[in-house]
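In: One predicted model, sequence on top.
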Amino acid sequence: MPCPDGQVPLAPLLGPVSDWGNIHPYQPKRLYAPAHPNALQQIVSAVIDGEASGGKMKAKGSNYSLSGAQVTDDFLISTDGLNMHLSQPHPVMIGGDGIALLLDASRVANPSYGDDLLQKIVRPGLVLPPGNHLIHVEAGIKIKQLLADLASVNLALPTMGAGGGQSLAGALSTGTHGSDVQLSPLGDFVRAVHIVGPKGQEWWITPADNIVGGPNLDALPGWCPDTWVVRDDDWFRAALLTVGRFGVVYSMILEVPEQYHLLETTNMSPGSSAGMQHILWSDTRAQLHASVNQGYDSGGVFDAPHQGEPLRFFSVLIDLAEGEQCWITRRWKTDDQSEIGISSDPTTDDILCSSNPVMVDLVIAATAVFQFLGGEDLAVPVVGLVWASAVAELHTELLVMAANSETVADFLAKAFAKIASLTTELYGPVAPQLQSLIKRLGAVLLRGSQTDTRQGASHRILDTHDYNRDGCSSGNSSEFFFDAQTQNYLLFIDAVLNKAQELSPVPGYIALRFIRGSKALLAMERFPLTVAIEIAVPRSLSEDNFPAFMSAMRDLAMQHGGIPHWGQEHKLNPSQTEALYADGIDSWRWALAEMEGDGPQTFSSKFCVDRGLMATGTIDDFRAQRPGGALDSLIMMLMS
């Protein structure tokens, strides 16, 4: 039997819920907000209550996903209150003076469970790789909080995406990745998952050769004696990326390294003090093309050690509007513990952005754009008096547009769309000049977001999100994953850049990030070396400003074998899902069927139905397809 709390943790609904990009706002019918001291039991109560009301449910983290993966059909369970550690790290870190480094007690749920609780549940005789430790955390914890907690005891995350605002479960459930060329995504460092599934049933899921989950699991905080324990490779690989379909992820055990330091450079040689170099995409493309043919690690773009350390991180950012300028960012581990180029102090742009948004957009409209339009670039003698009058009217129109914009990207998207529509009939030869100038503005904004050198502890480098500018941006973004050892991804970028020029001007960027393949059954990293290509454009809050470009880009991605990111704009239908995940979707559906049985599909949603993330058929049908006719490879035991 499930172990509910007896109290249903309802919270008031204060209005529509939306994602970070304000693309999928919706109004849930009910909001549950489990919190300590009985957070786990309150999740169980919420699931039971929602099912009794006949509704579908979804767990909510930070809503950073730009797809509809986080949208519920009915009820929502907030995981914001699930932000604690359930034990001290294992083994406990020891400082240079021989004193144990312990997490702040306020960050550990029920500290009375001891300094090294995990020692009770690890496999007898387990020896982790040198410097590695296990942590057991509630899955609603924000990654930026997790980074800070780990740093306080000289630990770190091995890899992560570019921003720490996501919840741990939210990031892993949609496949968030980094650009660490020798590492798989963060989900591959998970060693156990604790999920509250349909009917409030709890599940503890590990691989068959698990390193945690011994006979003392009931020593874990809040352990329910009726939790089902699963030790099965396919089931575990399914649970690593579920798009929220299996239930509410309550906690995870991760294997993490000791703290390390990173050196990062953008468009410059390590050790150089000359600042950023101008790099062309055509030259970078030629280097990538050669790397595909010769092998990335044999004289290719990854063969770039620094002071004996192999290249760790490699990403490329291309200016979509101009199509030639690009920025290459690299990272290496370093023994130098000094900090360079790191500051959390807000910049002038941050201060403007966090103040009155209307004033911010007015400043941008009046300066950044019209420093070009009214300055030396388009002087009246060149423009002519008639066309100069038209430019002046355009200036006024854009100022009004700015006054009615809510974010910087809101204004930029509308401004680009307006200038793209200019005709030579009204503006004569000024029209293409204006379009060229607005492209330059896009390049200026991208260039301003780059820093030539940064160095510091891993958590200071991995999280690149500028929290001072939250609420200042809005955009449309799609990301696709390709086999990096074929030329298809380069041909895809060629086609995207050509389409952007055809529909010019289209502002935004193309970002390339390289990662190793993942073991998760629904991971987009399906190749030993995978390249993720993100295409992003600014978006106004009132309309989709570049629909023709984004639609064409999606078609081009499918034509070149791209696999869309679950957490970005996502349009797959069931047959496409089956084709792209042919080697994993059946096992994933089997694990889902085992958790749902013949009961309600509690954690389904329109997004999941539309993409075929459903257990079609009965549980007996799925079991009949397993080796041995049923659960031959599955070891399950009911804890008592």
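Out: Nice, thanks for sending it over.
In: What backbone torsions are found at residue 205?
Out: Per-residue torsions, residue 205: phi -120, psi 130 (degrees, to the nearest 10).
In: Show the model's pLDDT score for it.
Out: pLDDT for residue 205: 95.
In: give me every residue that touches it.
Out: 192, 193, 194, 195, 230, 232, 235, 236, 239 (C-beta atoms under 8 Å, 6 or more residues apart in numbering). Quick note: C-beta positions are derived from backbone N, CA and C, even for glycine.
In: among those, who's most crowded?
Out: With neighbours taken as other C-beta atoms under 10 Å, the top of the contacts of residue 205 is residue 239, carrying 31 neighbours.
In: Make sure it is actually in contact with residue 197.
Out: No - taking C-beta atoms under 8 Å as the definition, residue 239 is not a contact partner of residue 197, at 10.1 Å.
In: ok, residues contacting stretch 552-564?
Out: Outside stretch 552-564, the residues within contact range by C-beta under 8 Å, 6+ apart are 478-483, 488-489, 491-492, 495-496, 499, 503, 524, 526, 533, 535, 569-572, 576, 580.
In: Need phi/psi at residue 588.
Out: Per degrees, to the nearest 10, the backbone of residue 588 is at phi -60, psi -40.
In: Give the lowest-confidence helix or strand of the chain, using mean pLDDT as the measure.
Out: The helix or strand of the chain with the lowest confidence, counting by mean pLDDT, DSSP states H and E, is strand 635-638 at a mean of 37.
In: And the chain, split by domain according to the record?
Out: Domains of the chain are assigned by automatic domain parsing as 93-257, 263-345+452-573, 348-448, 576-638.
In: and among those domains, the most buried is which?
Out: With neighbours taken as mean count of other C-beta atoms under 10 Å, the domains of the chain reach their highest mean count in domain 93-257, at a mean of 20.
In: mind checking the end-to-end distance for that one?
Out: Length of domain 93-257, first residue to last, C-alpha to C-alpha, to the nearest Å: 11 Å.
In: what separates that domain from the chain centre, distance-wise?
Out: 18 Å (C-alpha atoms, centre = their mean, to the nearest Å).
In: same deal with stretch 507-518?
Out: Taking C-alpha atoms, centre = their mean, one finds the center of stretch 507-518 at 12 Å from the center of the full chain.
In: Got phi/psi on the spatially most central residue of the chain?
Out: Centroid-nearest residue in the chain, with C-alpha atoms, centre = their mean: residue 176, separated by 3.6 Å. Residue 176 adopts backbone torsions of phi -50, psi 140, taken as degrees, to the nearest 10.
In: That one against residue 165, yeah?
Out: No - look at residue 176 against residue 165 with C-beta under 8 Å: they stay out of range, at 11.0 Å.
In: Which among the domains of the chain is found nearest to residue 26?
Out: Residue 26 lies closest to domain 576-638 among the domains of the chain, at 10.4 Å (C-beta to C-beta).
In: before we move on, back to that, shared neighbours of residue 239 and residue 197, anything?
Out: Common neighbours of residue 239 and residue 197, using C-beta under 8 Å, 6+ apart, are residue 246.
In: quick one: the helices in the stretch 101-250 of the chain?
Out: Using DSSP state H, counting those that start in this stretch, the helices of the stretch 101-250 of the chain run over 143-152, 168-173, 233-239.
In: got CSV for the ones you listed, with distance to residue 263 and mean pLDDT too?
Out: Output for the helices of the stretch 101-250 of the chain, formatted as CSV (distance: least, C-beta to C-beta, whole Å; pLDDT from 0 to 100):
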stretch, distance to residue 263, mean pLDDT
helix 143-152, 18, 96
helix 168-173, 25, 92
helix 233-239, 34, 95
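In: got a markdown table for the ones you listed, with distance to residue 72 too?
Out: Formatted as a markdown table, the helices of the stretch 101-250 of the chain follow (distance: least, C-beta to C-beta, whole Å):
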| stretch | distance to residue 72 |
| --- | --- |
| helix 143-152 | 23 |
| helix 168-173 | 14 |
| helix 233-239 | 20 |
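In: out of the ones you listed, nearest to residue 204?
Out: Comparing the helices of the stretch 101-250 of the chain by C-beta to C-beta, helix 233-239 comes nearest, at 10.3 Å.
In: contacting residues around the closest one?
Out: Under the criterion C-beta under 8 Å, 6+ apart, residues 193, 195, 205-208, 230, 246, 519-522, 584, 587-588, 590-592, 594, 633-634 lie in contact with helix 233-239.
In: give me the low-pLDDT residue ranges for the protein?
Out: Scanning the chain for pLDDT under 70 picks out 1, 21, 269-276, 344-388, 406-409, 428, 435-450, 468-474, 541-542, 627-640.
In: Now do the closest residue to residue 501 other than its chain neighbours against residue 561, distance only.
Out: Once flanking residues are discounted, residue 501 sits nearest to residue 323: 6.3 Å by C-beta to C-beta, 6 or more residues apart in numbering. Here the distance between residue 323 and residue 561 works out to 23 Å (C-beta to C-beta, to the nearest Å).
In: What are the boundaries of the helices in the stretch 501-640 of the chain?
Out: 547-559, 574-580, 585-596, 606-610, 619-624.
In: Run through the neighbouring helices and strands of the last one.
Out: Judged by 3 or more C-beta pairs under 8 Å, 6 or more residues apart in numbering; DSSP states H and E, the packing partners of helix 619-624 are helix 585-596.
In: list the helices and strands the helix it packs on packs on?
Out: With contacts taken as 3+ C-beta pairs under 8 Å, 6+ apart, helix 585-596 sits against helix 233-239, helix 619-624.
In: Please tell me how far that helix is from the chain's geometric centre.
Out: That offset, for helix 585-596, works out to 24 Å (C-alpha atoms, centre = their mean).
In: Show me what residue 317 bridges to in the sheet.
Out: residue 327, residue 511 (DSSP bridges).
In: in a strand, that's where the residue nearest to residue 501 is, yeah?
Out: No - counting by DSSP: H, G, I helix; E, B strand; the rest coil, residue 323 is not part of a strand but coil.
In: Report the contact partners of it.
Out: Contacts of residue 323 by C-beta under 8 Å, 6+ apart are 281, 497, 500, 501.
In: okay, these in CSV with distance to residue 125 and secondary structure next?
Out: What follows is the contacts of residue 323, written out as CSV (distance: C-beta to C-beta, whole Å; DSSP: H, G, I helix; E, B strand; the rest coil):
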residue, distance to residue 125, secondary structure
281, 53, helix
497, 55, helix
500, 57, helix
501, 62, helix
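In: With distance to residue 623 added, can I get the residues you listed in CSV?
Out: As requested, these are exported to CSV (distance: C-beta to C-beta, whole Å):
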residue, distance to residue 623
281, 52
497, 50
500, 50
501, 54
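In: gap between residue 106 and residue 149?
Out: In terms of C-beta to C-beta, residue 106 sits 11 Å off from residue 149.
In: I'd like the next helix or strand past the strand or helix carrying residue 432.
Out: Secondary structure assignment for residue 432, by DSSP states H and E: helix 430-448. Where DSSP H and E defines the elements, the next helix or strand beyond helix 430-448 is strand 453-457.
In: Packing partners of that following strand?
Out: Other elements packing on strand 453-457 under the criterion 3+ C-beta pairs under 8 Å, 6+ apart are strand 261-266, helix 458-462.
In: if you set the cut-off to 10 Å instead, what comes out?
Out: With contacts taken as 3 or more C-beta pairs under 10 Å, 6 or more residues apart in numbering; DSSP states H and E, strand 453-457 sits against strand 261-266, strand 325-334, helix 458-462.
In: could you dump it to CSV, C-alpha only?
Out: Extracted in CSV, the C-alpha atoms of strand 453-457 (Å, rounded to 0.1, in the frame of the first residue of the first chain):
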residue,chain,number,x,y,z
THR,A,453,38.9,34.5,-20.8
ARG,A,454,37.3,33.1,-17.6
GLN,A,455,38.9,30.9,-15.0
GLY,A,456,37.7,29.6,-11.7
ALA,A,457,36.2,26.7,-9.7
